[in-house]
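A.B. asks: Okay, here's the prediction I keep looking at, along with the sequence it came from:
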Amino acid sequence: MLNHSRLAEALRGSRLLVGSTAVLLVAAVLSALLVWAPEGTDDADDAASATRGLRVLHYNLCGAAAHCTWNSGKSGTGTSIVRVVAEARTFRPDIVTLNEICLTQYDALKKRLAAAGWPMDGTYASSQDNVPHCGSSGRYGQAVLSRRNVPDDVQDYREFEHTADETYTNDGRTVSVHRGLLCAHTEWADEPLMACTAHALGDAPEQLREIRDWALAFPPGTRVVLAGDLNLPPDAPALAYLTPYFTEADRQAEPTAEGRKIDYVFADRRHFVATDGDAEKYPESDHALVRGEFALKARG
């Protein structure tokens with residue numbers, strides 16, 4: 001015969017056990033949610049970066065040059081802007097550096113990257129304001145974008161002193177071209193990073209010395225990425241300004257433009273080792289798109 005009082009106690013005990021188990025399960029789920037972050041958030045970026053290393057994408061867009069009429073300052077189908085977005089979705093870069101880009105294309109690119117699920121912040125500097133395909137402002141230059149924040153109140157653009165008196169003429173108006181080094185103050189793997197680009201003039205090789213001197217003047221311990229169209233081949237004497245201090249991702253000698261290798265992706269030797277790199281030509285630009293991957297050196 002069943003003892004009703006003992007049955008009642010057993011049922012109460014089982015309810016308490018079930019209730020306690022449910023509380024523990026809910027706590028475990030909440031704890032996991034607090035630790036895990038969806039892809040695309042800062043925490044997820046930091047975790048991914050620590051695992052796979054730093055990824056850098058560089059591209060001279062031929063954004064508004066007369067011989068790249070399909071671009072002509074545009075950002076829609078068939079343009080270099082759409083190519084960068086497609087590449088960002090597959091390569092998933094931490095840093096993107098761009099040369100020969102209109103200010104209007106830069107603004108459109110950020111919107112397209114966000115819509116594609118790979119939002120990036122950035123900074124822009126124009127070398128001239130006399131390019132009609134770039135819209136009413138005529139602004140044409142270079143950009144650096146990062147998966148992490150780039151402060152709006154920090155504009156680090158240093159014009160080259162060695163210019164070879166370069167000018168650009170369009171519609172009867174001649175302007176001086178103000179090339180320089182553009183750097184974004186950002187972060188990677190939860191540490192400060194200076195991500196820089198330059199579109200140097202081959203007739204003024206001393207510009208590479210200026211790049212070196214500025215990079216060496218950054219605060220001690222600063223991690224530095226440098227990518228750009230330097231308009232000089234690897235055997236040019238001026239490259240020796242950079243190579244003792246920077247490691248190159250793609251060390252092959254395949255041409256990137258005009259039958260020569262002139263586009264590069266570097267990171268500083270103090271903090272990084274190169275792990276992979278390549279250059280690939282696409283029809284939208286007269287330059288190859290260059291990818292680079294770097295790993296942090298072990299702290300000694």
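C.D. replies: Sure thing, it's come through.
A.B. asks: pLDDT weak spots in the stretch 201-300 of the chain?
C.D. replies: Along the stretch 201-300 of the chain, segments meeting pLDDT under 70 span 300.
A.B. asks: So for the residue nearest in space to the middle of the chain, what's the pLDDT?
C.D. replies: Centroid check for the chain by CA atoms, centre = their mean gives Ile95 as the closest residue, at 1.7 Å. Looking at Ile95, its pLDDT stands at 98.
A.B. asks: from what I can see it touches Ser146, true?
C.D. replies: Yes - applying CB atoms under 8 Å, one finds Ile95 in contact with Ser146, separated by 5.6 Å. Any C-beta I mention is one placed from the backbone N, CA and C, and that applies to glycine too.
A.B. asks: Can you check which residues contact both of those two?
C.D. replies: 184, 186, 188, 193, 195 (CB atoms under 8 Å, 6 or more residues apart in numbering).
A.B. asks: Taking those, tell me the two that lie furthest apart.
C.D. replies: The distance between the two most remote of those (CB to CB) is 10.9 Å, for Ala184 and Trp188.
A.B. asks: about what we covered before: out of the shared contacts of Ile95 and Ser146, who has the most neighbours?
C.D. replies: Within the shared contacts of Ile95 and Ser146, neighbour counts (other CB atoms under 10 Å) peak at Ala195, which reaches 30 neighbours.
A.B. asks: give me the beta-bridge partners of that residue?
C.D. replies: Ala184, Val225 (DSSP bridges).
A.B. asks: quick one: the strands in the stretch 51-200 of the chain?
C.D. replies: Here the stretch 51-200 of the chain has its strands, by DSSP state E, counting those that start in this stretch, at 54-60, 95-102, 121-128, 140-146, 156-159, 167-170, 173-176, 180-188, 191-199.
A.B. asks: Over the fourth one, what's the mean pLDDT, rounded is fine.
C.D. replies: Spelled out, that is strand 140-146. 98.
A.B. asks: do the third one as well
C.D. replies: When the per-residue pLDDT values of strand 121-128 are averaged, the result is 96.
A.B. asks: ok and that strand relative to strand 140-146, angle-wise?
C.D. replies: 170 degrees (axes from the mean of the first three to the mean of the last three CA atoms, to 10 degrees).
A.B. asks: Can you give the strand pairings for strand 121-128, parallel or anti for each?
C.D. replies: By DSSP bridges, strand 121-128 pairs with strand 140-146 (antiparallel).
A.B. asks: Could you list the alpha-carbon positions for the strand it pairs with in CSV?
C.D. replies: Below are the C-alpha coordinates for strand 140-146, written out as CSV (Å, rounded to 0.1, in the frame of the first residue of the first chain):
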residue,chain,number,x,y,z
TYR,A,140,40.8,62.6,-55.4
GLY,A,141,43.3,60.8,-53.2
GLN,A,142,43.7,57.9,-50.9
ALA,A,143,41.9,56.2,-48.0
VAL,A,144,42.6,53.8,-45.1
LEU,A,145,39.8,51.7,-43.6
SER,A,146,39.7,49.5,-40.5
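A.B. asks: For stretch 196-203, list every residue counted as buried.
C.D. replies: Of the residues in stretch 196-203, 196-202 count as buried by neighbour count, 16 or more other CB atoms under 10 Å.
A.B. asks: Tell me how many other residues crowd Thr275.
C.D. replies: That count, for Thr275 with other CB under 10 Å as the rule, works out to 15.
A.B. asks: And stretch 208-228, what's buried?
C.D. replies: 208, 210-212, 214-215, 218, 222-228.
A.B. asks: Now intersect the residues you listed with the helices, please.
C.D. replies: Counting by DSSP state H, the part of the buried residues of stretch 208-228 found in helices is 208, 210-212, 214-215.
A.B. asks: which of the buried residues of stretch 208-228 lies closest to Leu109?
C.D. replies: For the buried residues of stretch 208-228, the nearest to Leu109 is Ala227 (16.2 Å; CB to CB).
A.B. asks: how about the nearest residue to that closest one, chain neighbours excluded?
C.D. replies: Nearest non-adjacent residue to Ala227, counting by CB to CB, 6 or more residues apart in numbering: His58, 3.8 Å away.
A.B. asks: Is that neighbour bridged to anything, and to what?
C.D. replies: Counting by DSSP bridges, His58 forms beta bridges with Thr97, Val290.
A.B. asks: Verify the stated contact: it with Leu289.
C.D. replies: Yes - if you go by CB under 8 Å, His58 and Leu289 touch, sitting 7.4 Å apart.
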